[in-house]
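Participant: Show me the folded form of this:
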Amino acid sequence: TISKPFYLQATAVTQGQWKAVMGDNPSYFKDCGADCPVDQVSWDDAQEFIQKLNEKEGTGKHRLPTEAEWEYACRAGTTTEFSVGDHQRELVEYAWYANNSGDKTHPVGQKKPNAWGLYDMHGNVYEWVEDDWHDNYQGAPDDGRVWVDEPRGAGRVVRGGSWDVGSGGLQSSNRSHNGPFESAKDLGFRVAAVPEPS
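Facilitator: Presented below is the predicted three-dimensional model:
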């Protein structure tokens, strides 16, 4: 259950967006271009980007999505293995992954979006979310809030799969984790936002 409304960026943060905010480009796949997802960013790097974005806009509304929000948005109302059904043959039109990526990232938004207009929720790059890693959902918040330990745990959750994994790694429910300081050429993020009060 998601108890509070939120916005989610339609694509992963691109190399161009990262450069506009941070002034550099850490990506392994720089040759892919400004419209490709930024990669080789850690959870800590994503937090720094969000902090600078909020400062630039004079707001505090931007943040990483929670794990529950990410999966809710990925599923877009479905209960199937992928947001487009249960079969890999449907997935090809929606995701860059090991079967079709050519071992690299691709510009965002080239594949079909899910039912809620979100692109690349499966594949292209794994995406950081805010939550600490837990082996299962026992004790998880039931309202979509972020699940963090005090003190914070050693791992952060990543979702969505990437260009270098098979279809099993792209399932809406698939989850993994890395240390908050770790970066990789198959790892990026997208930004969530809290709606402005009306």
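
Participant: May I have the phi/psi pair for the residue nearest the centre of the chain?
Facilitator: What sits nearest the mean C-alpha location of the chain, by Cα atoms, centre = their mean, is Glu127, with 2.9 Å. Backbone geometry at Glu127, expressed as degrees, to the nearest 10, gives phi -130, psi 130.

Participant: That one contacts Val191, correct?
Facilitator: No. Using Cβ atoms under 8 Å as the test, Glu127 is too far from Val191 to be in contact (10.2 Å). Backbone N, C-alpha and C define where each C-beta goes, glycine included.

Participant: For Gly33, give its distance to Ala12.
Facilitator: Gly33 sits 14 Å away from Ala12, taking Cβ to Cβ, to the nearest Å as the criterion.

Participant: the more surrounded of these two?
Facilitator: Counted by other Cβ atoms under 10 Å, Gly33 and Ala12 do not tie: Ala12 has more neighbours, with 26 against 14.

Participant: So that one: helix, strand or coil?
Facilitator: Counting by DSSP: H, G, I helix; E, B strand; the rest coil, the backbone at Ala12 sits in coil.

Participant: Quick check: it vs Ala73, distance?
Facilitator: 13 Å.

Participant: Around the nearest residue to Thr80 once chain neighbours are set aside, count how many other residues there are.
Facilitator: If the residues on either side of it in the chain are set aside, Thr80 comes closest to Asp86, at 4.8 Å by Cβ to Cβ, 6 or more residues apart in numbering. Asp86 has 12 neighbouring residues, counting by other Cβ under 10 Å.

Participant: Ok, the one 5 residues further on next?
Facilitator: Counted with other Cβ under 10 Å, residues neighbouring Leu91 total 24.

Participant: so what's the backbone phi/psi at it?
Facilitator: phi -70, psi -30.

Participant: Settle this for me: it is touching Ala98, isn't it.
Facilitator: No. Between Leu91 and Ala98 there is no contact under Cβ under 8 Å: 11.3 Å.

Participant: Give the buried residues for the helix or strand where Tyr72 lies.
Facilitator: Applying DSSP states H and E as the criterion places Tyr72 in helix 67-75. Using 16 or more other Cβ atoms under 10 Å as the test for burial, helix 67-75 gives 67-75.

Participant: can you list those residues in a markdown table and add distance to Asp45 and pLDDT?
Facilitator: What follows is the buried residues of helix 67-75, written out as a markdown table (distance: Cβ to Cβ, whole Å; pLDDT from 0 to 100):
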| residue | distance to Asp45 | pLDDT |
| --- | --- | --- |
| Glu67 | 19 | 98 |
| Ala68 | 23 | 97 |
| Glu69 | 20 | 98 |
| Trp70 | 18 | 98 |
| Glu71 | 23 | 98 |
| Tyr72 | 25 | 98 |
| Ala73 | 22 | 98 |
| Cys74 | 22 | 98 |
| Arg75 | 27 | 98 |
